[in-house]
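Chemist: Build the 3D model from these lines:
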Amino acid sequence: MSQPSTIAVIDIGKTNAKVVLIARVSRRQLASRSRANTVLRDGPYPHADTEGLWAFILEALKALATEHGVGGISITTHGATAALMAGDALALPVLDYEHDGPETVADAYRAVRPDFAETLSPALPNGLNLGAQIFWQARAFPDAFARVSAILTYPQYWAWRLTGVLASEVTSLGCHTDLWAPVAGKFSSLVATQGWEKLFPPIRPAASVLGPIRPELAAQLGLAPETPVTCGIHDSNASLVPHLERGETPFTIVSSGTWTIAMTVGGETGQLDPARDSLANVDAHGRPVPTARFMGGREFDLLVPEIRTPETAEIARVIAGDIRVQPGFVPGVGPFPDARGHWTQPAEGLTPGERTAAASLYMALMTEASLTLCGRGGSIIVEGPLARNRLYAAALARLTGVKVIASGDATGTSLGASLLFGGDGGGAEAGQAVAPLDVEGFDAYAARWRAGNGRPTA
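Modeler: Numbering: from 1, shown residues only. This is a model prediction of the structure:
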């Protein structure tokens, strides 16, 4: 199969969904369509708006095909999500992982979930462990679950809608699901004890072409009948794809969006702490990648109603005035899951720039705390929205003492997913190395922040 010259990437994040068209050789973004990814509250529980997303995907693909041409389609989505299929339909709506339904069977699930040593997957709240979701759905809706013929992780659900081919894939199976044993490279004991093995389709590599798009869709969208569609990949792991062939390890990628996720390629898993939201992801080659995360994008939105690039004087006032944000504002996740977030001084009297500065410093300090769990690489590449936050990157460089590169690509997940069609990812470090923050008092400010969390100063 010849390589497509343009790749449409379906990129479904927890907050927003996009279809991005990328030129394969230059890796340039040619066009993009986006919409909010809303959660529907009807039905038996909060669930994904799969039909709304599907209509958006088809509309975007048709428009991009008309304007630029689409040579191939790749898919990346957030994790902790699966579609329970009954033949060619959903047996149950696609559960929103923030729903607390699985908590109602938490004791029973705790008795059957594998040890952290097997899965490198920590116990997380609500439905953030995909195994807990499925366990709850099987008990809460036994008649519907009895009709389940296949369990599809989320990228592979959309790949099936496009191609008609059922597949499983390890990056989505291996992201804190309890379903995968990363070191052994196989399904965990949970899948066997629950009798779910027969429900998971054959495992295919993320970069494999499942098939051409369905003929009726090709005709509807104005695509060539042979348009190839990849199996798809978990979004955090998509961010890793451009970097996986780098020879120098360990290095750290910070992927940002709703979640801020630090992944240290070539790092060790021995520092991971299941009580502090650190785990192993599984990369596109099936290898464990030590990972730590917090819900940074969600927290930043809560902390900063009006984002304003802070002036130098505002940054200095925040540090000199010891205006700190202490974790955390999304309970149960991140390196301080039991902490209650607070400002050390009332936020209402701050300028928008001062609030933005304090929140940006908080994000850098939380990232540094995450790196004590997943390991700190010899360099750090920041991708996604945080790559545009220069104060964050400068503070992180000062805190870690290593080179921090703000990626020039604001959508690392989309680029990584496009590279499933091939490409060396050269230019993976494209972006700017950021000078460490040089503001009087910042080191002492950081020490007080750490002490406020009950952690030693660095």
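Chemist: what distance separates the start and the end of stretch 118-131?
Modeler: 14 Å (CA to CA, to the nearest Å).
Chemist: no no, stretch 160-168
Modeler: End residues of stretch 160-168 are separated by 10 Å (CA to CA).
Chemist: ok, residue 21 - contacts?
Modeler: 6, 7, 8, 9, 29, 30, 31, 32, 64, 68, 70 (CB atoms under 8 Å, 6 or more residues apart in numbering). No exception for glycine: its C-beta is placed from N, CA and C like everyone else's.
Chemist: As a markdown table, the residues you listed with secondary structure would be great.
Modeler: Output for these, formatted as a markdown table (DSSP: H, G, I helix; E, B strand; the rest coil):
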| residue | secondary structure |
| --- | --- |
| 6 | strand |
| 7 | strand |
| 8 | strand |
| 9 | strand |
| 29 | strand |
| 30 | strand |
| 31 | strand |
| 32 | strand |
| 64 | helix |
| 68 | coil |
| 70 | coil |
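Chemist: Can you select the buried ones from the residues you listed in ChimeraX?
Modeler: In ChimeraX, this line selects whichever of the contacts of residue 21 come out buried by 16 or more other CB atoms under 10 Å:
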select :6,7,8,9,29,30,32,64,70
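Chemist: what about residue 53, distance to residue 153?
Modeler: 16 Å (CB to CB, to the nearest Å).
Chemist: and of the contacts of residue 21, the nearest to residue 83?
Modeler: Among the contacts of residue 21, residue 9 lies closest to residue 83 (CB to CB), at 19.6 Å.
Chemist: Residue 53 and residue 153: which has the busier surroundings?
Modeler: Counted by other CB atoms under 10 Å, residue 53 and residue 153 do not tie: residue 153 has more neighbours, with 29 against 20.
Chemist: And the more buried one, how close does it get to residue 77?
Modeler: 8 Å.
Chemist: and what of residue 199?
Modeler: Distance from residue 199 to residue 77, by CB to CB: 19 Å.
Chemist: which one of those two has more residues nearby?
Modeler: residue 77 (28 against 18).
Chemist: Give the buried residues for the lowest-mean-pLDDT helix or strand in the chain.
Modeler: Taking mean pLDDT, DSSP states H and E as the measure, the chain has strand 431-433 as its least confident helix or strand, at a mean of 85. Under the neighbour-count criterion of 16+ other CB under 10 Å, strand 431-433 has residue 431 buried.
Chemist: What strands line up against that strand, and which way round?
Modeler: Paired strands of strand 431-433, with direction, are strand 403-407 (antiparallel) (DSSP bridges).
Chemist: State the helix or strand in which the residue nearest to the spatial centre of the chain lies.
Modeler: Centroid-nearest residue in the chain: residue 236, 3.9 Å away (criterion: CA atoms, centre = their mean). Using DSSP states H and E, residue 236 sits in helix 235-240.
Chemist: just how off-centre is that helix within its chain?
Modeler: Computed by CA atoms, centre = their mean, to the nearest Å, the chain-centroid distance of helix 235-240 equals 7 Å.
Chemist: Next SSE downstream of it?
Modeler: Next along from helix 235-240, by DSSP H and E: strand 251-256.
Chemist: which neighbours does that following strand have in its sheet, and in what orientation?
Modeler: strand 260-265 (antiparallel), strand 379-383 (parallel).
Chemist: ranges for the strands of the stretch 201-350 of the chain?
Modeler: 209-212, 228-230, 233-234, 251-256, 260-265, 278-282, 288-294, 325-326, 342-343 (DSSP state E, counting those that start in this stretch).
Chemist: any chance of those in TSV, plus distance to residue 120 and mean pLDDT?
Modeler: As requested, those are exported to TSV (distance: least, CB to CB, whole Å; pLDDT from 0 to 100):
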stretch	distance to residue 120	mean pLDDT
strand 209-212	28	97
strand 228-230	26	98
strand 233-234	15	97
strand 251-256	18	93
strand 260-265	13	95
strand 278-282	4	95
strand 288-294	6	96
strand 325-326	29	98
strand 342-343	32	97
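Chemist: With mean neighbour count and distance to residue 187 added, can I get those strands in CSV?
Modeler: Putting the strands of the stretch 201-350 of the chain into CSV (neighbours: other CB atoms under 10 Å; distance: least, CB to CB, whole Å) gives the following:
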stretch, mean neighbour count, distance to residue 187
strand 209-212, 20, 20
strand 228-230, 25, 22
strand 233-234, 31, 16
strand 251-256, 26, 26
strand 260-265, 26, 22
strand 278-282, 26, 12
strand 288-294, 26, 15
strand 325-326, 22, 40
strand 342-343, 16, 42
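Chemist: which one of these lies closest to residue 397?
Modeler: Going by CB to CB, the one of these nearest residue 397 is strand 251-256, 11.9 Å.
Chemist: what's the spacing between that closest one and its chain's center?
Modeler: 11 Å.
Chemist: rewinding a little: I'd like to check what contacts the least confident helix or strand of the chain. Which residues are they?
Modeler: With CB under 8 Å, 6+ apart, strand 431-433 has contacts from 381, 387, 403, 404, 405, 406, 407, 408, 409.
Chemist: what residues are up against the fourth one?
Modeler: Contact criterion CB under 8 Å, 6+ apart gives 379, 380, 381, 382, 393, 394, 396, 397, 433, 434 as the residues in contact with residue 404.
Chemist: Would you mind listing which of the residues you listed are buried?
Modeler: Of these, these count as buried by 16+ other CB under 10 Å: 379, 380, 381, 382, 393, 394, 396, 397, 434.
Chemist: how near is the residue nearest to residue 48 when sequence neighbours are not counted to residue 152?
Modeler: Distance criterion CB to CB, 6 or more residues apart in numbering; nearest residue to residue 48, sequence neighbours excluded, is residue 94 at 4.1 Å. Per CB to CB, residue 94 is found 10 Å from residue 152.
Chemist: Return a selection command, for use in ChimeraX, containing the buried ones of the contacts of strand 431-433.
Modeler: Filtering the contacts of strand 431-433 down to the buried ones (16+ other CB under 10 Å) takes a single ChimeraX command:
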select :381,387,403,404,405,406,407,409
